[in-house]
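>>> next one to model:
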Amino acid sequence: MQNMILANALLSDAATISGTSGAGDLPLANLQEMDLKAIYRAMGDTITLTVDLLTAKQINLVALIAHNCSPIASVRLRASNTNNSSTAPYDTGLLPARSNQTAFVDSGYPLEKNMFLSFFAPQTYRYWFIDIVDTGAAYIDIGRLYISNAFQPTTNMDYGLSEGVVDPSKVNRVVSGGKIPREFVKYKTAEFTLGYMNEDETYGKVFALEMACGRTKDVLFIPDPDAKSLLQIRSHYGTMETINPKVAFQYSLYNKSFRIEEIPA
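So this is what the prediction gives:
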C-alpha cells in the first residue's frame with residue numbers, strides 16, 4: 001500500500017505536443033482539454049507522441065485518462081533532455097495500457113473508458129516520449145494527458161475516506177401516481193482529510209495546488225497507487241469542489257479536508 005497521490009496537468013497543459021495526427025476535429029490539442037468528451041483520436045493501432053515541457057522539470061506521474069485501449073495494448077514511456085527517444089536515459093519498457101492489469105490480459109473491472117497510470121521515482125527531463133500499441137485496433141481514443149509532479153504526503157490521509165456516487169437525476173410524479181424520470185449522468189465523489197501535513201507540504205504543495213487549480217481546473221486523486229485491481233474504479237478525475245482552510249492544530253502540523261467531484265467521461 002502507498003500513500004494517496006494528488007496530481008494536476010498544469011505542466012503537460014503548458015507543453016508542446018507533437019506526434020501521430022488526430023483524426024478530423026479530434027486533434028492532439030484535445031489531450032490538454034479538461035472535458036473528457038473532447039477526445040484525441042488517432043486512426044490505426046499505433047500512437048507516437050513527443051511532449052516537450054520546454055525546460056527540464058521534475059516528473060513522477062504520467063496518466064492517459066479515458067482511453068479505449070484493449071487489454072493487450074501497451075504503453076512505453078521514455079524521457080530525455082534531448083529530443084531523441086532512441087537514446088533516452090529513462091525507459092519504462094512496455095506497460096499495460098489498462099493500469100488495473102499487471103499483464104497484457106484482462107484482469108477484471110474494465111470500464112468503457114480506461115486509464116493508464118505510471119507513478120515512479122521523480123525524473124527530471126524536458127522531453128517525454130509516449131508510444132502506444134494496440135494491435136488490430138481501428139483507432140485509439142484518449143481523453144486527457146497528465147504529465148505531473150504529483151503530491152504524495154509523508155503521512156497518508158486520515159481514516160474515514162468517503163467515496164460515493166451522486167445521481168443528479170430528477171423524478172416527477174404525475175397526477176395518476178406514476179413517475180417520469182429525467183436521467184442525468186452520475187458522477188463519483190471523494191472526501192478525505194490530510195491530518196498531519198508539515199509546513200512545507202501545506203504551503204509548498206497544497207496551497208500551490210489550490211491557487212493553481214481552484215475549483216475550475218481538474219485534478220487526479222488516487223487513494224492507493226498500489227491497489228491495481230480497483231485502480232480505475234477508485235481513481236477520481238475531477239475538480240476540488242470544496243476548498244477548506246488549512247488548520248494549524250499543533251506546532252508545525254496542519255490538517256485540511258478535500259472534496260473532489262468527478263468529471264465523467
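>>> helices along this structure, start to end?
10-13, 199, 207-213, 231-234 (DSSP state H).
>>> mean pLDDT lowest for which of those helices?
With a mean of 86, helix 231-234 has the lowest mean pLDDT of the helices of the chain.
>>> coming back round to it: let's have the helices of the chain in a markdown table, adding mean neighbour count and distance to F184.
No exception for glycine: its C-beta is placed from N, CA and C like everyone else's. Output for the helices of the chain, formatted as a markdown table (neighbours: other C-beta atoms under 10 Å; distance: least, C-beta to C-beta, whole Å):
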| stretch | mean neighbour count | distance to F184 |
| --- | --- | --- |
| helix 10-13 | 20 | 28 |
| helix 199 | 12 | 42 |
| helix 207-213 | 15 | 25 |
| helix 231-234 | 18 | 20 |
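>>> between those helices, which one is closest to S252.
helix 199 (5.4 Å; C-beta to C-beta).
>>> quick one: stretch 151-167 to chain centroid distance?
Offset of stretch 151-167 from its chain centre (C-alpha atoms, centre = their mean, to the nearest Å): 15 Å.
>>> oh, that last question was meant for stretch 7-24, not what I typed.
14 Å.
>>> just the C-alphas of that stretch, formatted as PDB.
This file holds the C-alpha atoms of stretch 7-24, laid out as PDB (Å, rounded to 0.1, in the frame of the first residue of the first chain):
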ATOM      1  CA  ALA A   7      -1.900  15.500  -9.300                       C
ATOM      2  CA  ASN A   8      -2.700  18.200 -11.800                       C
ATOM      3  CA  ALA A   9      -2.000  18.700 -15.500                       C
ATOM      4  CA  LEU A  10      -0.500  22.200 -15.500                       C
ATOM      5  CA  LEU A  11       2.900  21.100 -16.700                       C
ATOM      6  CA  SER A  12       1.600  19.000 -19.600                       C
ATOM      7  CA  ASP A  13      -1.000  21.600 -20.500                       C
ATOM      8  CA  ALA A  14       1.700  24.100 -20.900                       C
ATOM      9  CA  ALA A  15       3.800  21.700 -23.000                       C
ATOM     10  CA  THR A  16       4.100  21.400 -26.800                       C
ATOM     11  CA  ILE A  17       2.800  18.000 -28.000                       C
ATOM     12  CA  SER A  18       3.700  16.500 -31.400                       C
ATOM     13  CA  GLY A  19       3.300  13.100 -33.000                       C
ATOM     14  CA  THR A  20       0.600  11.000 -34.600                       C
ATOM     15  CA  SER A  21      -2.000  13.300 -36.000                       C
ATOM     16  CA  GLY A  22      -5.600  13.400 -34.800                       C
ATOM     17  CA  ALA A  23      -8.500  12.400 -37.000                       C
ATOM     18  CA  GLY A  24     -10.700  15.200 -38.300                       C
END
